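Visitor: Build the 3D model from these lines:
(one chain, ligands or ions: 1)
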Amino acid sequence: MTSDSFDGLGLSEPLRRALRSENYLKPTPIQVQAIPRLIEGSDLLGIAQTGTGKTAAFALPILQRLATQRLQRSPRRPHALILAPTRELAGQIGERFRAYGRGLDLRSAVIFGGVGQGQQVRALTQGVDILIATPGRLLDLYAQRHVSFDAVSILVLDEADRMLDMGFIRDVRKIVAACRKERQTLLFSATMPPDIAKLAQEILRNPVRIDVSPAIVSGERIDQSVYFVQAQAKRDLLTALLADPGMDRVLVFTRTKHGADRVCKFLRQADLSAEALHGNKAQNARVRSLEAFRSGRARILVATDIAARGIDVPLISHVINYELPNEPESYVHRIGRTARAGAGGSAISFCDPSERPFLLAIEGLTKRPVAVADHRFAQGGPVPGRHPDRSAATPSGKRPRRFGGRRNKPVFGSKGAPARSRAAI
Ligand code: AMP
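Guide: Just a heads-up that it's a prediction; the model follows:
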């Protein structure tokens, strides 16, 4: 099913107006399929990850239904509850609800751990229609009777597989059990491990099933390439690539929190505006980093896999895998951060000798080889984004230094083999 506009999907004028001001011209496939069925009240099983437009696919019908039903708002008794694995994702879903619902008289609040609960309790006491929450803090507040779920008529579990990975599934089950039985339930998950399939079967009634493959598989344009490089040469390679002004909003991935801090520090020393995002940072520091990146004040965000999940920054021009992930699925999630909702993007990976097995696993999962970056670089040739006159020789007139330390030996590129063409997947 395709649709060229939001007109035929059954959304009210205030919502369509909000979409116009967001500059959403065309619904994404999951929006076309989900919105009309959710407005009718169906349950839904959505196999979809971030980047497909899934948030709007559930937020718009929820806003539409609640606005039509005009339910009485009462303290501590939300009508719609959305559970998300991380505070970043919860915050962003909350922000989307506010953006889409600005023409409607509906109130929402976001609840997550790691910050004081006072403000959250106050919001609940004043009464909210829509509550977006991470499971741990929500259960805490439930145990303290600051919130009840007996008025929840729409329940959404977002990124259910991630909630399972993060050990939240028992909390989720407790919350679901406390919700009223007559309700509409939506479950979104990028993958369907047995525990999630079982949960879906238990809590969904005759769900519509929508399967939107990840961007990488569904043919969105992501230019992927890999540099074979020694670990100690990665910094030089990174700064050389960042000399390209076309890299205007860059998400750099590391495997560890310390790695993220180290790369961020080194980039700052090189006079590049960078922020780090990982779970060791205090919540307000994370919000600040993300805001600096989102506003463009920081051109580069260095993040770990978990921290980056759910962050919603449109128009990321490049994803750089400074370290390859040891789980191939993470690669797909990482590169899906660029080329979001139809825009093109580039993903560049650095692969040192110890990471070769990770690359093989990734290629096994995606069923495509990742193109080896231009082999001229292996010969100490021009660096992308640099003016050819300057890249052929250093200011001292010498050939530019190769990335990798050992002289006379190419360290990235495929040992002098002709480069494969860039794969636009
Ligand atoms: P999501 O998959 O919900 O995380 O959304 C991914 C990104 O796409 C977000 O930045 C949304 O604001 C954006 N988006 C969602 N739907 C559309 C649409 N129909 N047109 C343009 N951008 C969209």
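Visitor: what comes up buried for stretch 69-76?
Guide: For stretch 69-76, burial by neighbour count (16 or more other C-beta atoms under 10 Å) applies to 71, 73, 76. To be clear about C-beta, it is placed using only N, CA and C from the backbone, and glycine gets the same treatment.
Visitor: Next: stretch 348-355.
Guide: Within stretch 348-355, the residues scored as buried using 16+ other C-beta under 10 Å are 348-352, 355.
Visitor: now do stretch 272-280
Guide: Buried residues in stretch 272-280, defined by neighbour count with 16+ other C-beta under 10 Å: 272, 274-278.
Visitor: What about those, which are in strands?
Guide: Judged by DSSP state E, the buried residues of stretch 272-280 include 274-277 as members of strands.
Visitor: out of those residues, which one sits closest to the ligand?
Guide: residue 277 (16.5 Å; C-beta to the nearest ligand atom).
Visitor: send the alpha carbons of the helix or strand harbouring residue 349 over as PDB?
Guide: Using DSSP states H and E, residue 349 maps to strand 345-351. Output of strand 345-351 as PDB, limited to C-alpha atoms (Å, rounded to 0.1, in the frame of the first residue of the first chain):
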ATOM      1  CA  GLY A 345      23.300   9.200   3.900                       C
ATOM      2  CA  SER A 346      26.800   7.700   4.300                       C
ATOM      3  CA  ALA A 347      28.200   5.100   6.700                       C
ATOM      4  CA  ILE A 348      32.000   4.700   6.900                       C
ATOM      5  CA  SER A 349      33.600   2.000   9.000                       C
ATOM      6  CA  PHE A 350      37.100   1.700  10.300                       C
ATOM      7  CA  CYS A 351      38.200  -1.900  10.500                       C
END
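Visitor: now that strand: mean pLDDT?
Guide: The predicted model assigns strand 345-351 a mean pLDDT of 93.
Visitor: and it, which strands flank it?
Guide: Strand partners for strand 345-351, identified by DSSP bridges, are recorded as strand 222-228 (parallel), strand 318-321 (parallel).
Visitor: And the longest one, how far out from the chain middle?
Guide: Spelled out, that is strand 222-228. 20 Å (C-alpha atoms, centre = their mean, to the nearest Å).
Visitor: The helix or strand following it vs strand 222-228, what angle?
Guide: Per DSSP H and E, strand 222-228 leads on to helix 234-242 as the next helix or strand towards the C-terminus. Counting by axes from the mean of the first three to the mean of the last three C-alpha atoms, to 10 degrees, helix 234-242 lies at 140 degrees to strand 222-228.
Visitor: Give the rounded mean pLDDT of helix 234-242.
Guide: Averaging pLDDT along helix 234-242 gives 95.
Visitor: Give me the buried positions along it.
Guide: 234-238, 240-242.
Visitor: and if you look at stretch 125-133?
Guide: Buried residues in stretch 125-133, counting neighbours by 16+ other C-beta under 10 Å, are found at 128-133.
Visitor: That one and the ligand, are they touching?
Guide: No: residues of stretch 125-133 are not located near the ligand by C-beta under 6 Å from any ligand atom, the shortest gap being 13.1 Å.
Visitor: Export the buried residues of stretch 348-355 as a markdown table, with columns for distance to the ligand.
Guide: Listed next are these as a markdown table, based on distance: C-beta to the nearest ligand atom, whole Å:
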| residue | distance to the ligand |
| --- | --- |
| 348 | 21 |
| 349 | 22 |
| 350 | 26 |
| 351 | 28 |
| 352 | 31 |
| 355 | 28 |
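Visitor: can you list those residues in CSV and add distance to residue 144?
Guide: Formatted as CSV, the buried residues of stretch 348-355 follow (distance: C-beta to C-beta, whole Å):
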residue, distance to residue 144
348, 48
349, 46
350, 47
351, 49
352, 49
355, 47
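Visitor: for the ligand, what are the nearby residues on the stretch 151-300 of the chain?
Guide: Within the stretch 151-300 of the chain, no position is adjacent to the ligand by C-beta under 6 Å from any ligand atom.
Visitor: where along the stretch 151-300 of the chain do the strands fall?
Guide: Along the stretch 151-300 of the chain, the segments classed as strands by DSSP state E, counting those that start in this stretch run 154-157, 184-189, 208-211, 222-228, 250-253, 274-277, 300-303.
Visitor: Turn those into CSV, columns for mean pLDDT.
Guide: Shown next, in CSV, are the strands of the stretch 151-300 of the chain (pLDDT from 0 to 100):
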stretch, mean pLDDT
strand 154-157, 98
strand 184-189, 96
strand 208-211, 91
strand 222-228, 91
strand 250-253, 96
strand 274-277, 94
strand 300-303, 95
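Visitor: Of all those, which one is nearest residue 167?
Guide: Residue 167 lies closest to strand 154-157 among these, at 15.0 Å (C-beta to C-beta).
Visitor: so which of the buried residues of stretch 125-133 comes closest to the ligand?
Guide: The ligand lies nearest to residue 132 out of the buried residues of stretch 125-133, by C-beta to the nearest ligand atom, at 13.1 Å.
Visitor: that older thread, go through the buried residues of stretch 69-76 and flag which are in helices.
Guide: Among the buried residues of stretch 69-76, no member is found in helices (DSSP state H).
Visitor: Low-confidence bits of this protein, can you list those?
Guide: Within the chain, the stretches with pLDDT under 70 are 1-3, 213-220, 309-312, 314, 339-344, 374-425.
Visitor: Now residue 132, what are its backbone angles?
Guide: When read as degrees, to the nearest 10, the backbone of residue 132 gives phi -120, psi 130.
Visitor: Identify the bridge partners of it.
Guide: Judged by DSSP bridges, the bridge partners of residue 132 are residue 82, residue 110.
Visitor: thinking it is in contact with residue 120, fair?
Guide: No: using C-beta atoms under 8 Å, residue 132 is not in contact with residue 120; the gap is 11.1 Å.
Visitor: tell me, what's touching the two both at once?
Guide: 109, 111 (C-beta atoms under 8 Å, 6 or more residues apart in numbering).
Visitor: Any figure for the gap between residue 305 and the ligand?
Guide: Applying C-beta to the nearest ligand atom, to the nearest Å, the value for residue 305 to the ligand is 16 Å.
Visitor: what's the neighbour count on that residue?
Guide: Counted with other C-beta atoms under 10 Å, the neighbours of residue 305 add up to 19.
Visitor: Which residue, other than its chain neighbours, is closest to it?
Guide: Excluding the flanking residues, the one nearest residue 305 by C-beta to C-beta, 6 or more residues apart in numbering is residue 330, at 4.9 Å.
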